[in-house]
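Participant: Need a 3D model of the following:
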Amino acid sequence: MIEFKGNNTLVVKGKDEYKLSRIHSVSAKPLSIKDQCLHFMSCALSFSTIGWIGAYSAPVLASYFASFLFGLGLLWALFTFRRYELRAGFKAVDETGDFEVPICRCIKQRDFSRLKQAAEDISQRLNSPSSKPYKPL
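Facilitator: As a prediction, the model looks like this:
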């Protein structure tokens, strides 16, 4: 799931690569009810938007189609439901500021314990002297 490539690259699921020199913090946390509700509503509303776009071509059927797509969006959110996630805080490369990115998500408690262990491993690598970039005097 999460492995290291060399001394300064973190590989997640074999496809995403993150440079450890840009990461400043890592945490594994359970997602709150607010996060879950936001996920459900954003999926449902984004699906129903497609139905409301069709209101100009067929105004009579638009509300039925938009309602159907709203329900389909809720089903999609249910299938993509996750309880826990591993987040990494990245250093800013421009004036936008530091930001956090979810690296990995899981459903089961045993997978969450793996995420906690991965967060500890990444934190140890971040705090080790060999992973810090060289800063000349």
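Participant: Which pLDDT value belongs to the residue of the chain most remote from its centre?
Facilitator: The centre of the chain is farthest from one residue, residue 60, which by C-alpha atoms, centre = their mean lies 38.2 Å away. Reported pLDDT at residue 60 in the predicted model: 77.
Participant: can you offset everything so residue one is 585?
Facilitator: Taking 585 as the first residue, the last one we looked at is residue 644.
Participant: Quick one: distance of the strand or helix carrying it to the chain centre.
Facilitator: In the assignment (DSSP states H and E), residue 644 maps to helix 643-663. With C-alpha atoms, centre = their mean, to the nearest Å as the basis, helix 643-663 stands 25 Å off its chain's centre.
Participant: do the same with stretch 695-715
Facilitator: 18 Å.
Participant: SS state for residue 610?
Facilitator: strand (DSSP: H, G, I helix; E, B strand; the rest coil).
Participant: quick one: residue 624 and residue 696, what's the gap?
Facilitator: As for residue 624, its distance to residue 696 is 21 Å (criterion: C-beta to C-beta, to the nearest Å). Backbone N, C-alpha and C define where each C-beta goes, glycine included.
Participant: Could you pull out the helices in the chain for me?
Facilitator: Residue ranges of the helices in the chain, as given by DSSP state H, are 617-637, 643-663, 693-711.
Participant: Out of these, the one nearest residue 599 is which?
Facilitator: Among the helices of the chain, helix 693-711 comes nearest to residue 599, with 16.3 Å by C-beta to C-beta.
Participant: Show me what that closest one is packed up against.
Facilitator: strand 586-589, strand 607-614, strand 668-674, strand 683-690 (3 or more C-beta pairs under 8 Å, 6 or more residues apart in numbering; DSSP states H and E).
Participant: Dump the ones you listed to TSV, plus distance to residue 649 and mean pLDDT.
Facilitator: As requested, these are exported to TSV (distance: least, C-beta to C-beta, whole Å; pLDDT from 0 to 100):
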stretch	distance to residue 649	mean pLDDT
strand 586-589	42	65
strand 607-614	36	89
strand 668-674	33	89
strand 683-690	31	87
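Participant: Residue 636 is nearest to which of those strands?
Facilitator: Of the helices and strands packed on helix 693-711, nearest to residue 636 by C-beta to C-beta is strand 683-690, at 28.9 Å.
Participant: Many thanks, we can stop here.
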